[in-house]
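S.K.: Build me a model:
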Amino acid sequence: MPRCLVLDTNVLVAGLRSRRGASHRLLELVEAGEVTPVLSVPLVFEYEAVLKRQSRLLGLTLGDVDGFLDDLCVLGERRLVYYLWRPTLRDPRDELVLEVAVAAGCPEIVTHNVRDFAGSEQFGVEITTPRQWLTKIGDSS
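M.R.: Residues are numbered from 1 along each chain as shown. Okay, here's the model as predicted:
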């Protein structure tokens with residue numbers, strides 16, 4: 001059974017920027033069906049805005065970004081967010097990530113900015129980096 005995770009936008013950026021590293025490995029696990037990303041429409045729009053803004057840096061065309069997001073949406077599990085707890089975190093864009101995790105009952109958010117999610121513990125959501133998460137599941141790739 002695939003593990004559900006909510007991925008912060010910075011994990012997608014890092015995973016697309018370099019084929020080495022924990023973020024890219026996490027994207028490989030998503031592609032292999034071993035990890036199910038939990039998504040919401042606002043979160044996917046956030047992914048799209050950031051990835052398209054950084055597409056040149058990532059060496060991607062806008063079409064590549066659209067294709068990547070289409071694949072992510074097919075592989076992911078969409079959740080509707082009916083309730084908001086804002087403000088809980090310092091950054092409103094991080095709220096999108098937390099709201100999806102809580103709505104889905106997903107116990108983990110993977111991010112490179114662990115400190116930005118201070119306050120999420122009140123919802124029972126664990127915050128880890130990609131490397132910490134891979135170590136936790138025993139993936140040493």
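
S.K.: Buried residues, the helix or strand of the chain with the lowest mean pLDDT. List them.
M.R.: Least confident helix or strand of the chain, by mean pLDDT, DSSP states H and E, is helix 92-104 with a mean of 88. By neighbour count on 16 or more other Cβ atoms under 10 Å, the buried set for helix 92-104 is 94, 95, 96, 97, 98, 99, 100, 101, 102, 103, 104. C-beta here means a position set from N, CA and C on the backbone, and glycine is covered the same way.

S.K.: what do you get for stretch 76-85?
M.R.: Per 16+ other Cβ under 10 Å, stretch 76-85 contains these buried residues: 76, 79, 81.

S.K.: Where does the closest residue in space to residue 27 that isn't next to it in sequence fall, secondary structure wise?
M.R.: In space, and not counting its chain neighbours, residue 27 is closest to residue 15: 4.1 Å by Cβ to Cβ, 6 or more residues apart in numbering. Per DSSP states H and E, residue 15 falls inside helix 9-17.

S.K.: other SSEs contacting that helix?
M.R.: Judged by 3 or more Cβ pairs under 8 Å, 6 or more residues apart in numbering; DSSP states H and E, helix 9-17 is in contact with helix 22-31, helix 41-53, helix 55-58, helix 130-137.

S.K.: looking at those helices, which is closest to residue 123?
M.R.: helix 41-53 (16.0 Å; Cβ to Cβ).

S.K.: That closest one packs against which elements?
M.R.: helix 9-17, helix 62-75, helix 92-104.

S.K.: ok, residues contacting it?
M.R.: With Cβ atoms under 8 Å, 6 or more residues apart in numbering as the contact definition, helix 41-53 has outside contacts at 6, 9, 12-13, 16, 58, 60, 62, 65, 68-69, 72-73, 78, 81, 93, 96-97, 100.

S.K.: cutoff 7 Å now
M.R.: 9, 12, 13, 62, 65, 69, 73, 93, 96, 97, 100 (Cβ atoms under 7 Å, 6 or more residues apart in numbering).

S.K.: How about the contacts made by the third one?
M.R.: If a contact means Cβ under 7 Å, 6+ apart, then residue 13 has 50, 51, 54 as its contacts.

S.K.: 10 Å instead?
M.R.: Residues near residue 13 by Cβ atoms under 10 Å, 6 or more residues apart in numbering: 23, 47, 50, 51, 53, 54, 57, 58, 112.
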